[in-house]
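Chemist: Below are the sequence and a predicted model for it; my questions follow.
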Amino acid sequence: MPGAYWIAHVTVTDEEAYGRYAKLAGEAIAAHGGKFLARGGQAIQKEGRAHPRNVVALFPSLEAANACYESDTYQEALSHARGASERDLVLVEAAA
């Protein structure tokens, strides 16, 4: 079964609330076998809308990535991100 990527592009509008999101989200991601490959850092935007924060996490499977998103812990984390950020998030199956 191929792995999967969780790719997020984020503009944070409330650092304090987003910090609460990040703590809980990190716990949820780790609990579902996710590992951060990129979390912030420099980026070069080539196309589309730029966001100052880009995150890539690797999961063991698309099902694990989706289970993480649907988990109670991640949904609690999202309650802190809503209104504290503008986000785009996609879960993508890795090539075999």
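Modeler: All right, it came through fine. What you are looking at is a predicted structure, and each value in this text was computed from that prediction instead of being measured.
Chemist: can we go C-alpha only for contacts and neighbour counts from here?
Modeler: Noted.
Chemist: Which strands or helices does the longest helix seen in the chain pack on?
Modeler: Longest helix in the chain by number of residues (criterion: DSSP state H): helix 15-31. Using 3 or more Cα pairs under 8 Å, 6 or more residues apart in numbering; DSSP states H and E as the contact test, the elements touching helix 15-31 are helix 62-70, helix 72-81.
Chemist: run the last query once more with 7 Å
Modeler: helix 72-81 (3 or more Cα pairs under 7 Å, 6 or more residues apart in numbering; DSSP states H and E).
Chemist: mind exporting the helix it packs on as CSV, just the C-alpha atoms?
Modeler: Extracted in CSV, the C-alpha atoms of helix 72-81 (Å, rounded to 0.1, in the frame of the first residue of the first chain):
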residue,chain,number,x,y,z
ASP,A,72,-11.5,13.7,17.3
THR,A,73,-8.1,15.2,18.2
TYR,A,74,-7.6,16.7,14.7
GLN,A,75,-11.2,18.1,14.7
GLU,A,76,-10.5,19.7,18.0
ALA,A,77,-7.3,21.2,16.6
LEU,A,78,-9.3,22.5,13.6
SER,A,79,-11.6,24.4,16.0
HIS,A,80,-8.5,26.6,16.9
ALA,A,81,-7.4,27.0,13.2
